[in-house]
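Participant: show me how the following folds:
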Amino acid sequence: MKSKIEELILDSSFDYLQPYFYSNPNALRCELGIGCTREEHMRTARERAKAIYDILFRKKADAIIFSYWMYDFSDTGEAEKALYEGVDTDEIIEKLVSREAQSLRFLSRCMMDYRHVTVRGLGTYDNPGDPGYNPGYGLTRRNRIVCYADENEFDVPALLDKQLSDRTDSEVGLVSFENECILSVYDDRGCDIVFATHEKMREFYRPLEPYFLDYDRKEMKKRYMGGK
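Facilitator: Presented below is the predicted three-dimensional model:
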């Protein structure tokens, strides 16, 4: 029997695109980095991310999910150098190649180390009907990779630290089948927790409340009360 959260992450209709909090009704949002200096900000971000993880994962993460984006770099258009006037072309190319290599390296390592399922054909940010959509230029595709821990354990501190310190890295969500949730750190400012059910969101509302982002506290209370 699959948990409800596992059913969701294996369903191609479950887009799971940022902003996770605003895109999912059974979600909570927490603040991470707090402090006057960069050093204090990052220290509290790590501490709070670890504390939130410990609340949600009493044992260990059962799975991780991340998106693998495939860009069509061979699209047809004018010379793109004109778009980056004053910027060194080689520098732009190096950044593009580095980003793709980093993404492929992360994908390859996960697929080597863990039993996995690929959910293909997920929605993207650019869809037919969107302003400026051009079906012949810059097409992207997105797959979701679901990696299972099984008898292994993920290097959670390293994954969290990467999400906090490097916003260009793969967007990794930590999944708990027991507590029916996905924990996603979007950067050093905060994280979203998406629950499969309203009941589970209510169960963890109070334990997570000390970490809530004040800006969204009113919306979270409304969700806790069942939309009243």
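Participant: show the pLDDT at residue 102.
Facilitator: pLDDT for residue 102: 88.
Participant: now name the helix or strand holding it.
Facilitator: Taking DSSP states H and E as the definition, residue 102 sits inside helix 89-113.
Participant: pLDDT score for the most centrally placed residue in the chain?
Facilitator: By C-alpha atoms, centre = their mean, the chain has its centre lying nearest to residue 171, at 3.9 Å. The model reports residue 171 with a pLDDT of 85.
Participant: you'd agree it is up against residue 64?
Facilitator: No: assessed by C-beta atoms under 8 Å, residue 171 is found out of contact with residue 64, at 10.6 Å. Any C-beta I mention is one placed from the backbone N, CA and C, and that applies to glycine too.
Participant: and the strands in the protein?
Facilitator: Secondary structure of the chain (DSSP state E): strands located at 27-31, 63-71, 115-119, 140-148, 173-176, 181-187, 190-195.
Participant: about what we covered before: who's in contact with the residue nearest to the centre of the chain?
Facilitator: 18, 66, 67, 163, 184, 186 (C-beta atoms under 8 Å, 6 or more residues apart in numbering).
Participant: buried only: go through the residues you listed for me.
Facilitator: Burial by neighbour count, judged by 16 or more other C-beta atoms under 10 Å, picks out 66, 67, 163, 184, 186 from the contacts of residue 171.
Participant: state the distance from the last one to residue 71.
Facilitator: In this case it means residue 186. Relative to residue 71, residue 186 is positioned 21 Å away (C-beta to C-beta, to the nearest Å).
Participant: now the fourth one
Facilitator: Using C-beta to C-beta, one gets 22 Å for the distance from residue 184 to residue 71.
Participant: also the third one?
Facilitator: With distances taken as C-beta to C-beta, residue 163 is found 21 Å from residue 71.
Participant: relative to residue 19, how far out is residue 206?
Facilitator: Residue 206 is 24 Å from residue 19, by C-beta to C-beta.
Participant: list the contacts for residue 2?
Facilitator: Per C-beta under 8 Å, 6+ apart, neighbours of residue 2: residue 10.
Participant: show the pLDDT at it.
Facilitator: pLDDT recorded at residue 2 is 87.
Participant: quick one: it from residue 177, how far?
Facilitator: Distance from residue 2 to residue 177, by C-beta to C-beta: 8 Å.
Participant: how about residue 205?
Facilitator: Distance from residue 205 to residue 177, by C-beta to C-beta: 20 Å.
Participant: for residue 124, same thing?
Facilitator: Residue 124 is 27 Å from residue 177, by C-beta to C-beta.
Participant: equivalent analysis for residue 4, please.
Facilitator: 9 Å.
Participant: pick out whichever of these two has more residues nearby.
Facilitator: Using other C-beta atoms under 10 Å as the criterion, residue 4 and residue 177 rank with residue 177 on top: 18 against 12.
Participant: can you pull the buried residues of stretch 172-185?
Facilitator: Residues 172-177, 179-185 are the ones in stretch 172-185 that count as buried (16+ other C-beta under 10 Å).
Participant: any idea how far it is from the chain center?
Facilitator: 10 Å (C-alpha atoms, centre = their mean, to the nearest Å).
Participant: ok, now stretch 52-62?
Facilitator: Counting by C-alpha atoms, centre = their mean, stretch 52-62 comes out at 17 Å from the chain centroid.
Participant: can you tell me what sits against it?
Facilitator: With C-beta under 8 Å, 6+ apart, stretch 52-62 has contacts from 30, 148-149, 153-154, 156, 160, 174-179, 181, 183, 191, 193, 204, 207-208, 211.
Participant: mind checking how far residue 41 is from residue 188?
Facilitator: Relative to residue 188, and taking C-beta to C-beta, residue 41 is found at 7 Å.
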